[in-house]
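**Student:** Any chance you could fold what I've pasted below:
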Amino acid sequence: QVQLVESGGGLVQPGGSLALSCTASGFPFSRYTMTWYRQAPGKERELVAFITTDGGSANYADSVKGRFTISRDNAKNTVYLQMNSLKYEDTAVYYCNARRWLIGVKEDYWGQGTQVTVSS
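**Tutor:** Alright, predicted model coming up:
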């Protein structure tokens, strides 16, 4: 059974930090690109950051560059998102996604999401 379980969300003041985790099971984690998305109320889901299978390359949305860091530990089947200098506009539900293309077919798995609220 495929599972992606996010944790680490919560309430934080502006300027604060949070560390999200997403632990995977039921599929070969190290073969999947991992991505964090977020969705704020009334807005579309947007890509926050993704990391390649070996962790050697990562990319970020402009809105989080320099503040967020994505990393992964393939031995622990876990991807992380370290979020620093949080802003009100970072408030959203954060989702992790696992994706790979296999013989032209996309395999896509999603977590259930974890709420991040930035508020004073």
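**Student:** Which helix or strand lies directly C-terminal to the helix or strand of the chain with the lowest mean pLDDT?
**Tutor:** Sorting the helices and strands of the chain by mean pLDDT, DSSP states H and E puts strand 105-110 at the bottom, at a mean of 94. Using DSSP states H and E, the helix or strand that follows strand 105-110 in sequence is strand 114-118.
**Student:** Just the CA atoms of that following strand, as PDB, please.
**Tutor:** The C-alpha trace of strand 114-118 is given here as PDB (Å, rounded to 0.1, in the frame of the first residue of the first chain):
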ATOM      1  CA  THR A 114      -0.200  19.300   6.600                       C
ATOM      2  CA  GLN A 115      -1.400  22.800   7.600                       C
ATOM      3  CA  VAL A 116       1.100  25.600   8.000                       C
ATOM      4  CA  THR A 117      -0.300  28.800   9.500                       C
ATOM      5  CA  VAL A 118       1.800  31.900   9.800                       C
END
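**Student:** Only the buried residues of it, if you could.
**Tutor:** 114, 116, 118 (16 or more other C-beta atoms under 10 Å). Where C-beta positions appear, they are placed from N, C-alpha and C, glycine not excepted.
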